[in-house]
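**Q** What follows is a predicted protein model with its sequence.
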Amino acid sequence: MSLRDVVLTACAVLAVPVVTLAAVSAGPDGIVSVLVALVGLSSVLAALANKPVLLIGLLVGASAVQRSLGALTGSPIALWLDDSVLIGIALYIVIRLMTRSQQRAGVLVFILVFVAFLAVAFLRSTDTSIGVYQLRQMGVPAILLMFGMVVDREELRRASPVVITFIAIGALYGVLELTGVRPIDPASASDLNAYSNTNIRENGLPAAYRYFLSDGTVLSRVGGLVLNPPSFGILAASGFIWLRFSSLKRGPLFIILAFLFAGMTFASLGRGGIVVLGLAIVQPFLTKYSGRLAFILVGVVLGAVAYSEFAQQGQSGRHADGFLYGITYALTHPFGGGFGLVGNSVNQAGLDGSESGAGESLAAIFLTALGWFGILLLGWLLLRGIGAGATLPGVALTAAVLVAMVSETAGGLDAAGPLWILGGLALADKRSARDVLKDVVTRKRGVPTPVAADPARAA
């Protein structure tokens with residue numbers, strides 16, 4: 001061993017107790033900060049080692065425990081746990097694009113254009129702190145979609161047991177909640193998000209744990225380990241899609257997990273989660289046997305019926321109104337208006353524009369910020385999802401986009417992270433806009449749209 005290796009090894013050995021003592025002396029914030037740094041470093045090493053399965057495991061695991069960790073330690077720094085994994089994921093995307101010359105040119109041009117639009121939207125923000133917050137809300141789905149695009153299909157299948165396991169652990173915690181047992185007090189985590197509703201109502205539970213029917217009846221919801229019912233509903237439904245996507249044999253375990261994820265989706269009483277679960281069941285069947293256009297028509301009818309029935313329950317009407325305001329604003333403002341015009345963060349901060357009341361829609365933020373470009377991109381993603389609707393990645397993409405229209409929760413890593421990643425696989429093939437539109441309007445029974453042009457990535 002050379003003198004250099006000896007010195008580096010000695011420094012590494014000495015660093016362990018030094019960092020440990022420093023973290024302990026700094027209290028919970030110090031310990032959590034070290035954990036966040038270690039997770040971020042692990043994600044970078046996983047990217048450099050070409051380990052996408054490990055990256056997915058780090059992301060899903062960090063998302064699953066960060067709120068519970070924050071509640072137990074009282075440290076809001078815990079919310080950076082899953083964000084730190086994005087560093088490795090972004091690095092992995094760059095490495096894969098640089099090593100795939102056939103994909104590089106077109107994708108890089110689009111990335112540059114997209115980043116330029118986001119930069120302009122940020123510079124036009126009505127408030128810098130809100131601009132940073134909403135820039136992250138837009139950036140997270142974009143990064144995860146690109147990650148799903150560059151990861152091989154078989155790598156995603158190999159990651160499915162990890163994803164399913166973490167979601168199942170949270171779902172089992174949800175079952176415990178149904179019995180009235182909550183080992184972790186969700187109220188202690190309610191102040192970890194600066195733009196979340198912190199009002200406490202009935203039995204000491206945060207407002208998000210209550211669902212108000214139009215007749216005044218109040219129902220209790222379960223929030224799983226993410227300690228947030230809307231997020232948990234989307235996550236549980238995503239687990240159902242990943243379960244069907246996995247190679248797990250269709251036996252007793254598969255059936256138990258399917259009922260567990262479906263049951264917890266309904267127990268969360270999350271509208272977004274129920275939409276995702278409904279698409280996971282209906283979209284592949286309708287697309288395969290009746291065609292994509294039939295799926296669109298049925299979806300529009302069911303959506304209209306659902307809205308008329310549930311608009312007065314909880315804040316269902318506000319979710320839809322937020323998206324309608326966003327699309328209307330985008331149509332009348334071709335270049336958008338930048339960040340900080342709509343959204344829950346704007347409403348709760350009382351900024352100019354909050355009088356519109358538009359919130360609960362991630363797409364509304366995107367559309368008001370980017371204008372016509374936002375409309376084109378959102379429409380393109382929806383068409384790609386519907387075009388690949390006979391496949392589970394296509395279902396995931398369709399679900400992610402639709403939920404983003406009616407919920408800001410769709411931008412949360414701990415809610416829709418796995419959904420966006422799997423949806424990215426539906427974008428992996430190089431298909432023209434004309435081909436996608438043709439597939440959508442043409443009835444093709446029993447012929448699933450390929451999710452990748454490369455045979456090595458095909459189903």
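**A** Arrived safely, thanks for sending.

**Q** Neighbours of Pro183, how many?
**A** Here the number of neighbours of Pro183 (other C-beta atoms under 10 Å) works out to 9. Every residue, glycine included, has its C-beta placed from N, CA and C.

**Q** So which residues of the stretch 201-350 of the chain form strands?
**A** With DSSP state E, counting those that start in this stretch applied, the stretch 201-350 of the chain shows strands at 205-206, 210-212, 218-220, listed in chain order.

**Q** and these, which is most packed in?
**A** Among the strands of the stretch 201-350 of the chain, the stretch with the highest mean neighbour count (mean count of other C-beta atoms under 10 Å) is strand 205-206, at a mean of 21.

**Q** Which strands border it, and is each parallel or antiparallel?
**A** strand 200-201 (antiparallel) (DSSP bridges).

**Q** What's the mean pLDDT across the partner strand?
**A** Here strand 200-201 scores 54 as its mean pLDDT.

**Q** can you check stretch 289-296 too?
**A** Mean predicted confidence for stretch 289-296 is 65.

**Q** need the next SSE after the lowest-mean-pLDDT helix or strand in the chain, C-terminal direction.
**A** Between all helices and strands in the chain, the lowest mean by mean pLDDT, DSSP states H and E belongs to helix 3-25, at a mean of 51. Going down the chain from helix 3-25, the next helix or strand is helix 28-48, by DSSP states H and E.

**Q** Residues touching that following helix, excluding its own?
**A** For helix 28-48, the external contacting residues (C-beta atoms under 8 Å, 6 or more residues apart in numbering) are 19, 22-24, 26, 52, 54-55, 58-59, 62, 69-70, 73-75, 77-78, 80-81, 84-89, 91-92, 95.

**Q** Let's see that with 6 Å instead.
**A** 23, 54-55, 58, 62, 73-75, 77-78, 80-81, 84-85, 87-88, 91-92 (C-beta atoms under 6 Å, 6 or more residues apart in numbering).

**Q** Buried only: go through the residues you listed for me.
**A** Among the contacts of helix 28-48, those classed as buried by 16 or more other C-beta atoms under 10 Å are 23, 54-55, 58, 62, 73, 75, 77-78, 80-81, 84-85, 88, 91-92.

**Q** mind listing which of these are in helices?
**A** Counted as lying in helices by DSSP state H, out of the buried ones among the contacts of helix 28-48, are Ala23, Leu54, Leu55, Leu58, Ala62, Thr73, Leu81, Ser84, Val85, Gly88, Leu91, Tyr92.

**Q** and the fourth one, what pLDDT?
**A** Pointing back at Leu58 there. pLDDT, read off for Leu58, is 94.

**Q** Check the last one too.
**A** For Tyr92, the model assigns a pLDDT of 95.

**Q** Could you list which residues are in contact with it?
**A** For Tyr92, the contact set (C-beta under 6 Å, 6+ apart) comprises Ala47.

**Q** State the helix or strand in which the nearest residue to Leu225 once chain neighbours are set aside lies.
**A** In space, Leu225 comes closest to Gly170 once its chain neighbours are excluded; the distance is 4.2 Å by C-beta to C-beta, 6 or more residues apart in numbering. Assessed by DSSP H and E, Gly170 sits inside helix 153-178.

**Q** and that helix, average pLDDT?
**A** Average pLDDT, helix 153-178: 95.

**Q** Check which residues of it are buried.
**A** 153, 155-157, 159-164, 166-168, 170-171, 173-174, 177.

**Q** So Gly389, which state does it fall into?
**A** State at Gly389, reduced to three classes by DSSP: H, G, I helix; E, B strand; the rest coil: coil.

**Q** unless I'm mixing things up, it is touching Leu286, no?
**A** No - using C-beta atoms under 6 Å as the test, Gly389 is too far from Leu286 to be in contact (7.7 Å).

**Q** Of the two, give the one with the bigger neighbour count.
**A** Neighbours per residue (other C-beta under 10 Å) separate Gly389 from Leu286, with Gly389 holding more: 30 against 20.

**Q** Report the separation between the closest residue to that one other than its chain neighbours and Leu260.
**A** Spatial nearest neighbour of Gly389, excluding adjacent residues (C-beta to C-beta, 6+ apart): Thr287 at 3.7 Å. Separation of Thr287 from Leu260 (C-beta to C-beta, to the nearest Å) stands at 26 Å.

**Q** ok, these two, which is more surrounded?
**A** Per other C-beta under 10 Å, whichever of Thr287 and Leu260 has more neighbours is Thr287, with 32 against 20.

**Q** quick one: that one from Ser246, how far?
**A** Going from Thr287 to Ser246 by C-beta to C-beta gives 20 Å.

**Q** and if you look at Val140?
**A** Distance, Val140 to Ser246, by C-beta to C-beta: 24 Å.

**Q** Repeat that for Val395.
**A** Applying C-beta to C-beta to Val395 and Ser246 gives a distance of 14 Å.

**Q** Of those two, give the one with the bigger neighbour count.
**A** Counted by other C-beta under 10 Å, Val395 and Ser246 do not tie: Val395 has more neighbours, with 29 against 19.

**Q** pLDDT weak spots in the stretch 251-400 of the chain?
**A** Applying pLDDT under 70 to the stretch 251-400 of the chain flags residues 290-320, 349-359.

**Q** Which residue ranges of it form helices?
**A** 252-267, 271-290, 292-310, 316-332, 344-349, 362-370, 372-387, 392-406 (DSSP state H, counting those that start in this stretch).

**Q** Quick one: distance of the second one to the chain centre.
**A** Right, the one you point to is helix 271-290. Its chain's average C-alpha position is 18 Å from that of helix 271-290, according to C-alpha atoms, centre = their mean, to the nearest Å.

**Q** Next: the fourth one.
**A** A distance of 20 Å separates the centroid of the chain from that of helix 316-332, by C-alpha atoms, centre = their mean.

**Q** I would like the residues contacting stretch 364-376, please.
**A** Contacts for stretch 364-376 (C-beta under 6 Å, 6+ apart): 117, 121, 134, 138, 322-323, 326-327, 329-330, 333-339, 341-343, 358.

**Q** How is this structure divided into domains?
**A** Following automatic domain parsing, one finds the domains of the chain at 20-99, 106-457.

**Q** For the nearest residue to Gly273 once chain neighbours are set aside, which residues are in contact?
**A** Sequence neighbours aside, Gly233 is the residue nearest to Gly273 in space, at 2.5 Å (criterion: C-beta to C-beta, 6+ apart). Applying C-beta under 6 Å, 6+ apart to Gly233 gives the contacts Thr265, Ser268, Gly270, Gly273.

**Q** so what pLDDT did Gly233 get?
**A** 95.

**Q** Same question for Ala46.
**A** 94.

**Q** okay, now it: neighbour count?
**A** Neighbours of Ala46 (other C-beta under 10 Å): 22.

**Q** Roughly how far does the residue lying closest to it once chain neighbours are set aside sit from Val85?
**A** Using C-beta to C-beta, 6+ apart and skipping the chain neighbours, the partner closest in space to Ala46 is Leu54 (4.2 Å). From Leu54 over to Val85 the distance is 10 Å, taken as C-beta to C-beta.
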